[in-house]
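A.B. asks: Below: sequence and its predicted model.
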Amino acid sequence: MPSKKLATLLSALSGHDLNRFRKFLSSPYFNEHQELVILLDLLINTPDEPLEDSAARKKAIWKKLFNKKAYNDGYMRRLISELIRLLLSFMALERYRKNPIQEQLLLLDLLNEPAYKLHFAGVLRNSETLQEKSNFRDSYFHFYQYLLDEQLYKYIEKSDRNPEMLKNLEDADYHLDCYYITKKLQHYCDALGYRNFLPVEENINLPPDFMNWLQQSAYIKEPAVKSYFLVAQLFLHPDESTFYYELKNLLKEKGHLFQINELKAIYIHLINYCIDIKINKGFTDFFNELFDIYKNMLNKTVLIENNMIDPQHYKLIISVGLQVNEFDWVKDFIQTYTDKLPPEEQANARIYNLAKVHFQQQHYNKVIELLREVEYENITYALGGKLMLLKTYYELNEFLALDSLIDSFRIYLRRNKLISKEVRQQYLNVLRFVKKLSNTRPKDQKAIANVRQEIDACRALADKNWILQKLEDLSN
């Protein structure tokens, strides 16, 4: 590909989208340079040749495009730039067409003149039907309803003023307030959430006594307003779990009134509350709450975007499921959702996470069967897999296999240049302490105390809790 920017855009398109873009590009209304259609065909139908730099690639494409014509780098750059511009226009148009209410609202603005009275009425009916069919009541609904009511108010004001005009103005103002309040609360809640990650205070200015006023206002009955009001209360009053349960129930009952992106954002706040404010402070019963939240998100397909699941959510769901001993559910999850990870991660993820389930169930022979012959491409899975196999050999008292793995693991850590210095030291310390554990006699309290002292002094140690548990087992 002669341009990284162009390659990034084209790779994001599905086969269906590429076909539609070619039709877009072939239309003289959008594009008068038909050589761009040929350029697109060359880019998507001809694999990249093994050339070392983009300049060589551009020359190779130029030759296919213009045969014996002398290469002109400036013109080639302009072609690529124009193709990128048209592709961005196409992507914007596709996004616009996926939300037909936007088209109707623009038409209403265009037709809001007495001369277009008949056309305005038809588009108005279409707009109102689209709003009713959407079944949403989130911030986007209020924004579009505000625009719709305002257009109707302006239309009546221009044509035949009547008392209904004031009603439309009041409706427009109400939905504008709902949109503003919801967005203001969204920003405020995001800023409150960042307290746990950033060493700065939020600076989202709310009117004086805003929360008390809002709680007594008519706006609080709106699901969009109420949900973010409750999110704010979660962070402002972290010890009062009633806000958490009220918000969780609201999403169960009225989650269908939110578009996926807004619903996901609210659920993420619930997840962060469970982890940062509860679980990390010792309230382990919230593992069950976190597990329930993730199940609700999966049932509402909130976590699936373009038929893909975020790898971080995938890993966390499995960890939480194992924490609450939902082994069969986790196995089903792995079988169902691993195919929704990026293709290059699927094989490693399936084997590694199934092995995690079997390890938690103490099916150690099954763990060995899954992990022994696997060659991981992903560093994270490679380190995790080797560590799990190490722990498995220890649990089985397979000390010859354990010693052999310690030696090979140490070599892997020292030779692999992709592993950071900090991570390498964490795992080297694991190998050191597992070796000490395997050489310590049970109930040798002096030796056990010495090892515990070394562990407590170690600042870089992966899976420290497991190592401390195994040391405790030696004491009993």
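C.D. replies: Ah, there it is.
A.B. asks: any idea how far the residue lying farthest from the centre of the chain is from L148?
C.D. replies: What lies farthest from the middle of the chain is D160; by Cα atoms, centre = their mean that is 50.1 Å. Going from D160 to L148 by Cβ to Cβ, to the nearest Å gives 19 Å. For glycine as for every other residue, the C-beta is placed from the backbone atoms N, C-alpha and C.
A.B. asks: And for V374?
C.D. replies: With Cβ to Cβ as the criterion, V374 and L148 are 57 Å apart.
A.B. asks: So for those two, which residue has more residues nearby?
C.D. replies: Using other Cβ atoms under 10 Å, the more surrounded residue of V374 and L148 is L148, with 23 against 16.
A.B. asks: Does the more buried one touch L106 like I think?
C.D. replies: No - in this structure, L148 is not within contact of L106 by Cβ atoms under 8 Å, at 11.8 Å.
A.B. asks: So which residue is smack in the middle of the chain?
C.D. replies: D310 (5.0 Å).
A.B. asks: what about the longest helix seen in the chain, average pLDDT?
C.D. replies: Of all the segments of type helix in the chain, defined by DSSP state H, the longest one is helix 163-194. In this model, helix 163-194 has a mean pLDDT of 92.
A.B. asks: Which positions in that helix come out as buried?
C.D. replies: 165, 168-169, 171-172, 174-179, 181-182, 184-186, 188-193 (16 or more other Cβ atoms under 10 Å).
A.B. asks: For E113, grab the count of nearby residues.
C.D. replies: E113: 12 surrounding residues under other Cβ under 10 Å.
A.B. asks: next one: E157
C.D. replies: For E157, using other Cβ under 10 Å, the count is 15.
A.B. asks: Who are the contact partners of it?
C.D. replies: Listed by Cβ atoms under 8 Å, 6 or more residues apart in numbering, the contact set of E157 reads M165.
A.B. asks: element containing it, please.
C.D. replies: Per DSSP states H and E: E157 is located in helix 139-158.
A.B. asks: Can you give the distance of that helix from its chain's centre?
C.D. replies: 33 Å (Cα atoms, centre = their mean, to the nearest Å).
A.B. asks: give the contact list for the residue lying closest to L230 once chain neighbours are set aside.
C.D. replies: Closest residue in space to L230, ignoring its immediate chain neighbours: L247 at 4.0 Å, by Cβ to Cβ, 6 or more residues apart in numbering. Applying Cβ under 8 Å, 6+ apart to L247 gives the contacts S227, L230, V231, L234, I266, L270.
A.B. asks: that's a helix at the last one, yeah?
C.D. replies: Yes - counting by DSSP: H, G, I helix; E, B strand; the rest coil, L270 is located in a helix.
A.B. asks: pLDDT at it, what is it?
C.D. replies: Per the predicted model, pLDDT is 96 at L270.
A.B. asks: per-domain residue ranges of the chain.
C.D. replies: What automatic domain parsing lists as the domains of the chain is 4-97, 135-300, 303-357, 375-476.
A.B. asks: Compute the mean per-residue pLDDT across the third one, please.
C.D. replies: Per-residue pLDDT over domain 303-357 has a mean of 95.
A.B. asks: Over to the first one?
C.D. replies: The predicted model assigns domain 4-97 a mean pLDDT of 87.
A.B. asks: For that domain, what is the distance to the chain centroid?
C.D. replies: Taking mean C-alpha positions (Cα atoms, centre = their mean), domain 4-97 and its chain are 30 Å apart.
A.B. asks: Tell me where the stretch 201-350 of the chain has helices.
C.D. replies: For the stretch 201-350 of the chain, helices defined by DSSP state H, counting those that start in this stretch occupy the ranges 210-216, 223-236, 242-254, 260-272, 286-299, 311-323, 327-337, 343-360.
A.B. asks: quick one, which of those is packed in tightest?
C.D. replies: Most buried of the helices of the stretch 201-350 of the chain by mean neighbour count (mean count of other Cβ atoms under 10 Å) is helix 223-236; its value is a mean of 23.
A.B. asks: by contact count, what packs against it?
C.D. replies: Packing partners of helix 223-236 (3 or more Cβ pairs under 8 Å, 6 or more residues apart in numbering; DSSP states H and E): helix 139-158, helix 163-194, helix 210-216, helix 242-254, helix 260-272.
A.B. asks: So which of those helices is nearest I101?
C.D. replies: helix 139-158 (5.2 Å; Cβ to Cβ).
A.B. asks: average pLDDT across the closest one?
C.D. replies: Mean predicted confidence for helix 139-158 is 92.
A.B. asks: Over to stretch 441-451?
C.D. replies: Averaging pLDDT along stretch 441-451 gives 93.
A.B. asks: Let's see that stretch as PDB, backbone CA atoms only.
C.D. replies: This file holds the C-alpha atoms of stretch 441-451, laid out as PDB (Å, rounded to 0.1, in the frame of the first residue of the first chain):
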ATOM      1  CA  ARG A 441      10.400 -28.900  53.800                       C
ATOM      2  CA  PRO A 442       6.800 -28.700  55.100                       C
ATOM      3  CA  LYS A 443       6.400 -27.300  58.600                       C
ATOM      4  CA  ASP A 444      10.100 -26.100  58.700                       C
ATOM      5  CA  GLN A 445       8.900 -22.900  60.300                       C
ATOM      6  CA  LYS A 446      12.300 -21.200  60.300                       C
ATOM      7  CA  ALA A 447      12.900 -21.800  56.600                       C
ATOM      8  CA  ILE A 448       9.300 -20.800  55.900                       C
ATOM      9  CA  ALA A 449       9.700 -17.500  57.800                       C
ATOM     10  CA  ASN A 450      12.900 -16.700  55.900                       C
ATOM     11  CA  VAL A 451      11.100 -17.200  52.600                       C
END
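A.B. asks: Which residue, neighbours along the chain excluded, lies closest to W213?
C.D. replies: Counting by Cβ to Cβ, 6+ apart, the residue nearest W213 is P207, at 7.4 Å.
A.B. asks: One more: P100?
C.D. replies: Per Cβ to Cβ, 6+ apart, closest to P100 is L130, 6.0 Å.
A.B. asks: got the contact list for Y96?
C.D. replies: Y96 neighbours (Cβ under 8 Å, 6+ apart): Q102, E103.
A.B. asks: What distance do you get for it to L124?
C.D. replies: When Cβ to Cβ is the yardstick, Y96 and L124 sit 20 Å from each other.
A.B. asks: Skip ahead from the helix or strand encompassing Y394 and say which helix or strand is next.
C.D. replies: Assigning secondary structure by DSSP H and E places Y394 in helix 379-395. Sequence-wise, the next helix or strand downstream of helix 379-395 (DSSP H and E) is helix 399-415.
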